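Enquirer: Got a predicted model here, sequence first, then my questions.
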Amino acid sequence: MEFPAAILFDLDGVLLDTEPLLANAWSETAIEYNQHLSSDQLLELKGMRRIDCARKVHEWIHKENSIEELLITQKLKVDKQLTKAKPFKGAMDLIKFCINTKLPIALVTSSSDESFRIKCSVNPWLNLFETKILGDDKFISAGKPSPDPYLRALKILDVNPNKTWVIEDSYAGSVSALTAECNLLFFSKDIEILNKLINEFNQDKIQKINELSEIIYYLKLYKGF
C-alpha cells in the first residue's frame, strides 16, 4: 500500500470499543422474546445498520411482533449501553495526527444519527470529523456490506479508492470497503474472518493491524518523519 490519499474510519469496533455493548443490547432484546442469540448470530450482526440487524433478529426469534416493536425494545437496551462507550487506545491520537498533517479523513459508520449523537455525548472528540457518513444517510440505498457507504465517502472527498485506506473490524464493513475497491486495514484478532477476506478479495489490498498506533507509524515511515 502506498501513502493514502485519504483514510476512512469505521466507528464501532475501530474507534470506540462498542461492539460488546451492542451485542449485549441485542442479546438482552432477544431474551425479552424468550430467545437466545448464539455467538455466531451476534457476530453476524457486527458492523451492520441497526435496521438490518433488526430484520435478522426478527427472523431468528420467529415472533409475530413487528420489527418496529423489536426496535423499540432494543432501543431501551442500547441507549443505556452506549453511554459506556470508550475509545480504543490511540484512536484520538490517530485522528488528530491525520488532521494536523492535513490528510483527508471521513467517518463511515452504520450508526444512525441518533446513535452517533449518544456516542458523541461521552466522546466529543468524534466531532473532529467534518465528513461523516451515517447509517441513515439519505443518499445511501443500502448499508454495509454494500459498498454504498464507502462509495459515498469517496465521492464527497473526491479521492481514488485504490489510494484510500479503510480501517474496519467486521466482515460486513470489510466487504463494503473492499467492494468499493479501497485498501483494507483489518483491525481485529479474528483470523478466521481475515482468511475469509483474503480468499475472497485481492490479498495485496488487505493488511492486518493490532493497534491503531501502527497506522501513525506507517504514515510517518511513508513521509520520512
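Expert: That came through fine.
Enquirer: Quick one: mean pLDDT over the helix or strand where Thr29 lies.
Expert: Secondary-structure assignment from DSSP states H and E places Thr29 in helix 19-32. Mean pLDDT, taken over the full extent of helix 19-32, equals 88.
Enquirer: What are the contacting residues of it?
Expert: 12-13, 36-37, 42, 45-46, 53, 57, 60-61, 70, 73-74, 77-78, 81-82, 84-85, 169-170 (Cβ atoms under 8 Å, 6 or more residues apart in numbering). Where C-beta positions appear, they are placed from N, C-alpha and C, glycine not excepted.
Enquirer: Tell me which residues of stretch 17-27 come out buried.
Expert: With burial defined by 16 or more other Cβ atoms under 10 Å, the residues of stretch 17-27 counted as buried are 17-19, 21-27.
Enquirer: quick one: Asn195 from Met1, how far?
Expert: If you measure Asn195 against Met1 using Cβ to Cβ, to the nearest Å, the figure is 19 Å.
Enquirer: immediately after the helix holding Thr29, which helix or strand?
Expert: On the C-terminal side of helix 19-32, the closest following helix or strand by DSSP H and E is helix 39-45.
Enquirer: what helices or strands is that next one leaning on?
Expert: Contact here means 3 or more Cβ pairs under 8 Å, 6 or more residues apart in numbering; DSSP states H and E; on that basis helix 39-45 packs against helix 19-32, helix 50-61.
Enquirer: Pull out the buried members of the contacts of helix 19-32.
Expert: Of the contacts of helix 19-32, these count as buried by 16+ other Cβ under 10 Å: 12-13, 37, 42, 45-46, 53, 57, 60-61, 70, 73-74, 77-78, 81-82, 85, 169-170.
Enquirer: Next up, the contacts around the most centrally placed residue in the chain.
Expert: For the chain, Asp10 is the residue whose C-alpha lies nearest the centre (Cα atoms, centre = their mean; 3.5 Å). Contacts for Asp10 (Cβ under 8 Å, 6+ apart) come out as 47, 108-109, 166-170, 173.
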